[in-house]
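**Q** sequence-free structure coming up:
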């Protein structure tokens, strides 16, 4: 058996149809195919999961208890795996204390530089860390801002405790937190707060020395302000769920820390300087500016430490992130930026014979920067590593040593290897990928005329340089530019703030838990339940697997998880309901001959043929139109790819009535053959009288616009300007536009002004 190949036999995870193949080692293998074809099921859910599981098994059972659990994938055999490094698009977490500097460990080198060279000396390296007691600002504890409770937002003083005076949802009448006050015996629960005496108000807000009893149980009484501070203000808001953070922000006000002015560090650390700058000021410089500063240091010790820093910083520049600052919170990075920051952590190591697995690393990258990315992938390979990439970008596919095309289509119509071989052979192949790579969509020759303009005036948010720009109405506008140029700031923040009525479709993943499915996410599950209730005379809640009708054994999940302590847990189909999620008596009810379980097993295509209900059909039609005809109505959202999730969002919004649509990189995760489908949907919206604005890098989409706004010319402080505004044809000849150069080349023109 050949040791220079990873051998997979009989992969059946999700929609894979008994796939067997050999992947060459020490080469770049790119996996292509339409969204939902099975690429991620093969690369991440099968190869990566098994590699990670086998690696974890080399640790003791005690250590394994602290590691993430990877179930054994549905595959007969995988042999000759290497230790994996998985670089996916999940956003970098870490809360408010995690920055680009801390995540990449570049901040550690900067702290070392200041501890050795900075004057006046402030102590060892950890004395310059805002995450240690020795370095953090005592006022904000290293967060850089202070958050206070706003009592006017928390209390409705015209109401009593029984009337719901405390407005926070955790303190609603009848809830545990509410009982701590209502049952304390300190207050007249029917008396409005505004009528409280000074002593009563003091006790309510700041406490009294007593115990509150609830039958056999008692608890220490805490004032409302004290309890809110302990339970909410002392928590890291960046680590909260989106919902909890929204609730939290509703009752608080935030401001820059008055003591450190947002620098996060104490006075001693901030007093220590190198060439007139302290560590916080250097962390606020863009990476390119920081490199220039460090290269100017002449002291021999400083120059030596700075050289190591510059080497790490150059990796960020190489990967197209030179516009970031080390102080940038990782929670604010996009999915594409997060993935590239993760790559930086691995570029400096000297490990070989590793298995690198990347998920669409070109996401969020301008055509100009894809060449930098492909250079980094080649570096990883040339060090002796095996590189597996799931990708749609033609320039990334083109550098592959080996290509595996999964298809022929998506869902139940996919899950097979339809091509294996070189890129040169792929573009001659009769697969969807091969045909799509062979040609671009042409430039739009007849553009629509605007019906008016929406003007953004003197925008200065983040890196925007006092720009004023007209966005035409009644046409398709594409806003483009290199990463960090300001296009998202201009549209997602400035424009949407001015036009909150616009329907925004962003890149945030759909709520992917085991209880959500396309039917629940799009809202048609309520209508389906009502249809069954009308047909049977039963209560609608019976037809929900999250409510009264759920199987009592699996609680409506359809599966049962068995924890085997130190061994890998086992997930099995529920024997009681046979995976159908509902009680047996619920499945007896029929709607035109089908049970509720039968309906949830239907694909969108099958459901369109089945349902005649007026409130259900438009949503199903929208899902069909965005290319999701193969999705099952009850399929867990956790099994959807990123591209499928975004198109599901699009389908959910399409049947609503709106006049302005804003879409943030809608081609993310989309196969080349689906671009035409997306453009047909967008054109239909515009032809119906809507204004559609796309933030997009894809050259085929830019070429099909009526109007293009190109931001740049670079990222960060060197961006934030409108480089070009006009038609795609004019963009091809625009001076100083990187987008124009690449668009001209894509459509076979010679650019007049190479950028």
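**A** Yep, it's here. Quick caveat: nothing in here was measured; it's all calculated off a predicted structure.
**Q** how far does stretch 652-659 sit from the chain's center?
**A** Centroid separation for stretch 652-659 versus its chain: 23 Å, with CA atoms, centre = their mean, to the nearest Å.
**Q** What lies in contact with that stretch?
**A** Contacts of stretch 652-659 with the rest of the structure, by CB atoms under 8 Å, 6 or more residues apart in numbering, involve 501-503, 505, 521-523, 618-619, 621-622, 625-626, 661, 681, 685, 689-691. C-betas here are computed from N, CA, C, even on glycine.
**Q** I'd like to know which of the residues you listed are part of helices.
**A** Assigned to helices by DSSP state H, the following of the contacts of stretch 652-659 qualify: 521, 618-619, 621-622, 625, 681, 685.
**Q** Run a quick neighbour tally on residue 52.
**A** For residue 52, the count of nearby residues is 22 (other CB atoms under 10 Å).
**Q** okay, who's weakest in the ones in helices among the contacts of stretch 652-659 by pLDDT?
**A** Taken together, the ones in helices among the contacts of stretch 652-659 show their lowest pLDDT at residue 625, with 85.
**Q** who touches that one in this structure?
**A** 651, 654, 681.
**Q** contacting residues for the last one?
**A** In this case it means residue 681. Counting by CB under 8 Å, 6+ apart, residue 681 has contacts 625-626, 650, 654.
**Q** same thing but 6 Å
**A** Residue 681 makes contact with residue 625 under the criterion CB atoms under 6 Å, 6 or more residues apart in numbering.
**Q** Using neighbour counts, trim the contacts of stretch 652-659 to the buried set.
**A** 502-503, 505, 521-522, 619, 622, 625-626, 661, 681, 685, 690-691 (16 or more other CB atoms under 10 Å).
**Q** what sits against residue 648?
**A** Counted by CB under 6 Å, 6+ apart, residue 648 has contacts residue 510.
**Q** Ignore what I typed, I meant residue 130.
**A** Contacts of residue 130 by CB under 6 Å, 6+ apart are 136, 142, 264-265.
**Q** Backbone torsions only: list them for the residue located most distally from the centre of the chain.
**A** In the chain, residue 197 marks the outermost C-alpha relative to the chain mean, sitting 50.0 Å out by CA atoms, centre = their mean. With angles defined as degrees, to the nearest 10, residue 197 sits at phi -70, psi 170.
**Q** Local confidence estimate at it?
**A** pLDDT, residue 197: 93.
**Q** Check the spacing between it and residue 159 real quick.
**A** Residue 197 is 17 Å from residue 159, where distance means CB to CB, to the nearest Å.
**Q** Show me what counts as buried in the helix or strand residue 724 falls within.
**A** Using DSSP states H and E, residue 724 sits within strand 721-726. For strand 721-726, burial by neighbour count (16+ other CB under 10 Å) applies to 721-725.
**Q** Which secondary structure element of this protein has the lowest mean pLDDT?
**A** strand 211-214 (a mean of 66; mean pLDDT, DSSP states H and E).
**Q** Run me through the strand neighbours of the helix or strand immediately after that one in the chain, direction for each.
**A** Per DSSP H and E, the first helix or strand lying C-terminal to strand 211-214 is strand 217-220. Counting by DSSP bridges, the strands paired with strand 217-220 are strand 211-214 (antiparallel).
**Q** in the stretch 351-500 of the chain, which spans are strands?
**A** Taking DSSP state E, counting those that start in this stretch to define them, one finds strands in the stretch 351-500 of the chain at 355-359, 386-390, 402-407, 416-421, 452-459, 467-473, 476-481.
**Q** So which of the ones you listed has the densest surroundings on average?
**A** strand 476-481 (a mean of 28; mean count of other CB atoms under 10 Å).
**Q** Residues in contact with it: which ones?
**A** Counting by CB under 6 Å, 6+ apart, 471, 487, 491, 686, 692-696, 702, 705-712, 739 sit against strand 476-481.
**Q** In strands, which of those residues fall?
**A** 471, 692-695, 707-712 (DSSP state E).
**Q** Which one (most neighbours) among those residues?
**A** residue 711 (32 neighbours).
**Q** so how far is residue 72 from residue 572?
**A** Residue 572 is 13 Å from residue 72, by CB to CB.
**Q** Tell me the residues that contact both of the two, please.
**A** Joint contacts of residue 572 and residue 72 (CB under 6 Å, 6+ apart) do not exist.
**Q** wouldn't residue 36 be in contact with residue 645 here?
**A** No - counting by CB atoms under 6 Å, residue 36 stays clear of residue 645, with 10.5 Å between them.
**Q** For those two, indicate the residue with more neighbours.
**A** The residue with more neighbours, out of residue 36 and residue 645, is residue 36; 30 against 21, by other CB under 10 Å.
**Q** part of a strand, is that one?
**A** No - when classified by DSSP: H, G, I helix; E, B strand; the rest coil, residue 36 is found to be coil rather than part of a strand.
**Q** what's around the residue nearest to it when sequence neighbours are not counted, how many residues?
**A** What sits nearest to residue 36 in space, not counting adjacent residues and going by CB to CB, 6 or more residues apart in numbering, is residue 410, at 3.4 Å. Counted with other CB under 10 Å, the neighbours of residue 410 add up to 27.
**Q** Is residue 17 in contact with residue 413, as I believe?
**A** No - using CB under 6 Å, residue 17 is not in contact with residue 413; the gap is 10.4 Å.
**Q** Starting from residue 161, give me the distance back to the nearest residue to residue 158 once chain neighbours are set aside.
**A** Excluding its sequence neighbours, the residue lying closest to residue 158 (CB to CB, 6+ apart) is residue 192, at 5.7 Å. According to CB to CB, residue 192 stands 10 Å off from residue 161.
**Q** what about the two, which has more around it?
**A** Using other CB under 10 Å, the more surrounded residue of residue 192 and residue 161 is residue 161, with 22 against 15.
**Q** Check what pLDDT that one gets.
**A** So residue 161 comes in at 94 (pLDDT).
**Q** So what touches stretch 531-538?
**A** 540, 543, 589, 591, 596, 613.
**Q** Where does pLDDT dip in the chain?
**A** 1, 208-217, 234-243, 335, 508-509, 511-514, 562-570, 642-643, 750-755 (pLDDT under 70).
**Q** returning to what we had before: residue contacts, the residue nearest to residue 36?
**A** Residue 410 neighbours (CB under 6 Å, 6+ apart): 34, 36-37, 630.
**Q** same thing with residue 606?
**A** Neighbours of residue 606 in contact, by CB under 6 Å, 6+ apart: none.
**Q** next one: the helix or strand containing it to chain centre, how far?
**A** Under the criterion of DSSP H and E, residue 606 resides in helix 604-610. The chain centroid and the centroid of helix 604-610 are separated by 31 Å under CA atoms, centre = their mean.
**Q** for stretch 356-363, same thing?
**A** 14 Å.
**Q** Surely residue 522 touches residue 618?
**A** No - with contact defined as CB under 6 Å, residue 522 and residue 618 do not form a contacting pair (10.2 Å).
**Q** Buried members of the contacts of stretch 531-538 into PyMOL, please.
**A** To isolate the buried members of the contacts of stretch 531-538 in PyMOL, using 16+ other CB under 10 Å:
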select buried, resi 540+543+589+591+596
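**Q** Thanks again, I'm all set now.
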